[in-house]
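> My questions concern the predicted model and sequence given below.
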Protein chains: 2
Amino acid sequence: MKDLADNLGPSSWLDDILWTEDGLVPAIAQDAETGDILMMAWMNRESLQLTVEEGQAVYWSRSRGKLWRKGESSGHQQVLKDIRLDCDADVVLLKVEQKGGIACHTGRRSCFYRTLKDGEWVSAEPVLKDPDAIYGSH
Amino acid sequence: MKDLADNLGPSSWLDDILWTEDGLVPAIAQDAETGDILMMAWMNRESLQLTVEEGQAVYWSRSRGKLWRKGESSGHQQVLKDIRLDCDADVVLLKVEQKGGIACHTGRRSCFYRTLKDGEWVSAEPVLKDPDAIYGSH
């Protein structure tokens, strides 16, 4: 992550982003090796800066209103391999190494596990690990 | 696209989506063959329904406030191969065949062509075709 850590001087690159009115930007996580799209979540300025500083995905949880270090409960961190910005500067793409091979809280590899079939969303990907085993059943 | 056209009965699958307050959902377009992430745009209910009906990506242009049939000016349509919904039901993923091999209005394959290097966003992907040649220079 040396290359990415080189980005920690003046953070004008953060100013290049067109944040929403709420100060957020959508962030897509893609498996750097397989190309699978793992999830989409949101980042605020602090979480994006921390993502680059720490070399792993740090999102902003809109529901909890706090920073969300991906993997803090599950151990399924996303190690940053590359970070991209789109032409409109309003979406970020993270290419990551997905620890444990599981991004989704349902225990599946990707959060995009439902496909449209006969007018219904149906699961098209297996559960690799029981969520209770990932998070503990309290 | 027969499989996807089978989804055109009752559209309860549209009700399963957690639309934003503005009635939108983010849609990520991924090259079905290479796995490249091409772009992210927004859809409203009508555009998502049309995407499935027509078998090609139809977005909602927030800036223009109208339906946006991807490729209507450029010829670079996105033919729908699969459609996915994430675990939170608030992001859609389209797996597409990208006509012309160019998704971005800059003439690049993907809109995510900028990478962070030494604290600056720099282009990491070549322009495949001059935008003037794509859209005409009026």
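The structure has been received and is ready for your questions.
> C-alpha only now, for contacts and for neighbours.
Fine.
> With chain B in mind, check whether stretch A:84-100 reaches it.
Yes. Interface with chain B: stretch A:84-100 contributes A:84-87, A:91-93 (Cα under 8 Å from any Cα of the partner chain).
> Most widely separated two among these?
A:87 and A:93 (11.7 Å; Cα to Cα).
> So the residue with the largest distance to the centre of chain A versus residue A:105, what's the distance?
In chain A, counting by Cα atoms, centre = their mean, residue A:118 sits farthest out from the average C-alpha position, at 30.2 Å. Residue A:118 sits 26 Å away from residue A:105, going by Cα to Cα, to the nearest Å.
> repeat for residue A:77
Distance, residue A:77 to residue A:105, using Cα to Cα: 12 Å.
> out of these two, which sits in the busier spot?
Taking neighbours as other Cα atoms under 10 Å in any protein chain shown, residue A:77 and residue A:105 compare with residue A:77 leading, 22 against 19.
> could you list every residue that touches that one?
Residues in contact with residue A:77 (Cα atoms under 8 Å, 6 or more residues apart in numbering or on different chains) are A:56-57, A:69-71, A:98-99.
> Among those residues, name the buried ones.
Among those, the ones that count as buried by 16 or more other Cα atoms under 10 Å in any protein chain shown are A:56-57, A:69-71, A:98.
> ok, these vs residue A:37, which is closest?
residue A:98 (10.8 Å).
> Quote the end-to-end distance of stretch A:40-57.
Using Cα to Cα, one end of stretch A:40-57 lies 11 Å from the other.
> Outside of it itself, list whatever touches it.
A:1, A:4-5, A:7-8, A:14, A:23-29, A:58-62, A:67, A:69-70, A:77-81, A:94, A:96, B:91.
> State the mean pLDDT of it.
For stretch A:40-57, mean pLDDT is 97.
> returning to that earlier point: find residues that contact each of residue A:87 and residue A:93.
Residues touching both residue A:87 and residue A:93 (Cα under 8 Å, 6+ apart) are residue B:112.
> Give me the buried positions along stretch A:17-37.
By neighbour count with 16+ other Cα under 10 Å, stretch A:17-37 contains the buried residues A:17, A:19, A:24-32, A:35-37.
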